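**Student:** Coordinates for the following, if possible.
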Amino acid sequence: MTGPEPIRCVGLSAATAPVHVRERVSVGREQLSDFLARARASAGPVVVLSTCYRVEVYASGATFGALAALLGEEAAPYTYHLEGHAAVRHLYRVATGLESVVIGEPQVLGQVASALPAARAAGPVPPPLRAAFEGAIRVGKRARQHTGIGRGAASTASVGVRVAAKAVGGLAGRDVVVLGAGQIARLAVKALRGTGIGALTVLNRDPDGAAALAASAGGSGRPLEALPALLPHTDIVLCAVASASPLVRVSDLEAAAAQRGGRPLVVVDLGMPRNVEPGARTAEGVTLFDVDDLRSEADAALKARLREVPAVEALVEEEVEAFAAWERRAVAEPLIREVRLKAERIRQAELERLRKVDSHAAARAEAFSRALVNKLLHDLTVALRASADAGQMEHSALVRDLFRLNGTEG
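**Tutor:** Residues are numbered from 1 along each chain as shown. Presented below is the predicted three-dimensional model:
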């Protein structure tokens, strides 16, 4: 008997691809359903993980070529290809934050967790792929609960705040604009609390969401369209909006520069795709940081978390072995189901004969016959699962012959 199809992953990350490539390959919420539908048509069911730092496509049974084609030719020089337990191990490392630019990144687990239901919304997800992602969610939670990998304020957002603070010479009295009201924006606002900043303004497509987030730090909320009017007066802009096109335009920055009187403006772009037009780096008085610029600051902030890496890696290996056990068990389960289905058909046939003679006796025999079949098959079930766990299913053909499961009966 053959086992389930291996998990395969084709992806690229901040470690392999520059931000402009990741940006073009990125699959935002608006494009996700179309991407999944296109993937099903050409490669079969997939799960997509698209974040600021990576775009990865996971499948069970699809070829590397089919998966790579989904990311396009531009991504090809930067992609990695992982198969089997190597792909599963990588996914688990991603879920625990071990593969993040900021080790122990808190939002990556949520991104992994949301990837599976998004894939399910597009259609059925194969059991191996489902089991792999369920294991990723489980190990991510275990890592955060039982190790210090998430200890301290070292999210991408908090590192972005720290970089901005250094660039302007401290946050005290500085006016800050935050674009977005999602998880990264919330972490940015959290990092700003208690720092002594001046005015805080949160901009979002939903002004009510912006106002609610801003109120948590004594600020105000406004719609995204208010940004050009705020640029002449703010010191720091932190961008974290899911948007297919840039929201901070060079023309707006240049117009603001004329009113700033030489005051510097720091812009930190945490979005993917990028929220700021790349040409902003050359705008007068503007210092622009994107996610790839945060690495050196992140490294300095993560010494305590790095000590937790061995403990998290041990959890990852436990879950990889648990997935391997699931794979081995998956070899036995179809055979067990066939045996039990054959027994159930026989039980129902005998009950039907009894009903024709004595319906009351048949009703009394229902529970008894079910319990009897379960007890008779219990040891066989345990033995088959134990054999699968040990990777020894050579006798499956004998079981099929003994129970006449080769199409010769029933």
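
**Student:** for residue 268, helix, strand, or coil?
**Tutor:** Three-state assignment for residue 268 (DSSP: H, G, I helix; E, B strand; the rest coil): strand.

**Student:** ok, it touching residue 166?
**Tutor:** No - between residue 268 and residue 166 there is no contact under C-beta atoms under 8 Å: 11.1 Å. (Each C-beta comes from the backbone N, C-alpha and C, glycine too.)

**Student:** and these two? which has more neighbours close in?
**Tutor:** Taking other C-beta atoms under 10 Å, residue 268 and residue 166 do not tie; residue 268 has more neighbours (30 against 12).

**Student:** And for that one, nearest residue in space, chain neighbours not counted?
**Tutor:** Nearest non-adjacent residue to residue 268, counting by C-beta to C-beta, 6 or more residues apart in numbering: residue 160, 4.3 Å away.

**Student:** just residue 316 next, same as before
**Tutor:** residue 92 (4.5 Å).

**Student:** Please identify which helix or strand holds the one you found.
**Tutor:** Assigned by DSSP states H and E, residue 92 belongs to helix 85-96.

**Student:** Tell me which residues touch the residue nearest to residue 268, please.
**Tutor:** 188, 238, 268, 270, 289, 294 (C-beta atoms under 8 Å, 6 or more residues apart in numbering).

**Student:** Which of those sits closest to residue 127?
**Tutor:** Comparing those against residue 127 with C-beta to C-beta places residue 270 closest, at 35.8 Å.

**Student:** how about the nearest residue to that closest one, chain neighbours excluded?
**Tutor:** residue 240 (4.4 Å).

**Student:** what's the domain layout of this structure?
**Tutor:** Using automatic domain parsing, the domain parsing of the chain gives 7-151, 156-301, 334-402.

**Student:** who wins for proximity to residue 309 among those?
**Tutor:** Taking those one by one with C-beta to C-beta, domain 7-151 is closest: 6.6 Å.

**Student:** Now do the end-to-end distance for the closest one.
**Tutor:** Start-to-end span of domain 7-151 (C-alpha to C-alpha, to the nearest Å) is 31 Å.

**Student:** one step back: so the residue nearest to residue 270 sits against residue 189, correct?
**Tutor:** No - the pair residue 240 and residue 189 fails to qualify as a contact (C-beta under 8 Å) at a distance of 9.9 Å.

**Student:** Give the intersection of the neighbour lists for those two.
**Tutor:** The contact lists of residue 240 and residue 189 share residue 178, where a contact means C-beta under 8 Å, 6+ apart.

**Student:** Which helix or strand lies directly C-terminal to the helix or strand bottoming out on mean pLDDT in the chain?
**Tutor:** The weakest-scoring helix or strand in the chain, judged by mean pLDDT, DSSP states H and E, is helix 295-301 (a mean of 67). Next along the chain after helix 295-301, taking DSSP H and E as the criterion, comes helix 303-306.

**Student:** Tell me where the stretch 101-250 of the chain has helices.
**Tutor:** Taking DSSP state H, counting those that start in this stretch as the test, the helices found in the stretch 101-250 of the chain are 107-121, 127-146, 156-168, 183-192, 207-215, 227-230, 250-260.

**Student:** would you turn those into a markdown table with distance to residue 58?
**Tutor:** Shown next, in a markdown table, are the helices of the stretch 101-250 of the chain (distance: least, C-beta to C-beta, whole Å):
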| stretch | distance to residue 58 |
| --- | --- |
| helix 107-121 | 8 |
| helix 127-146 | 6 |
| helix 156-168 | 23 |
| helix 183-192 | 22 |
| helix 207-215 | 31 |
| helix 227-230 | 37 |
| helix 250-260 | 37 |
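
**Student:** Could you work out which of the ones you listed reaches nearest to residue 395?
**Tutor:** The nearest among the helices of the stretch 101-250 of the chain, by C-beta to C-beta, is helix 127-146 at 23.7 Å.

**Student:** could you dump the closest one to CSV, C-alpha only?
**Tutor:** Below are the C-alpha coordinates for helix 127-146, written out as CSV (Å, rounded to 0.1, in the frame of the first residue of the first chain):
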residue,chain,number,x,y,z
PRO,A,127,-5.9,15.4,4.2
PRO,A,128,-2.0,15.5,4.2
LEU,A,129,-2.1,19.3,3.5
ARG,A,130,-4.7,19.8,6.1
ALA,A,131,-2.8,17.7,8.7
ALA,A,132,0.4,19.6,7.9
PHE,A,133,-1.2,23.0,8.5
GLU,A,134,-3.0,21.8,11.6
GLY,A,135,0.3,20.7,13.0
ALA,A,136,1.8,24.1,12.1
ILE,A,137,-0.9,25.9,14.1
ARG,A,138,-0.4,23.5,17.0
VAL,A,139,3.4,23.9,17.2
GLY,A,140,3.1,27.6,16.8
LYS,A,141,0.8,27.8,19.8
ARG,A,142,3.0,25.4,21.8
ALA,A,143,6.1,27.5,21.1
ARG,A,144,4.4,30.7,22.4
GLN,A,145,3.0,28.9,25.4
HIS,A,146,6.0,26.9,26.5
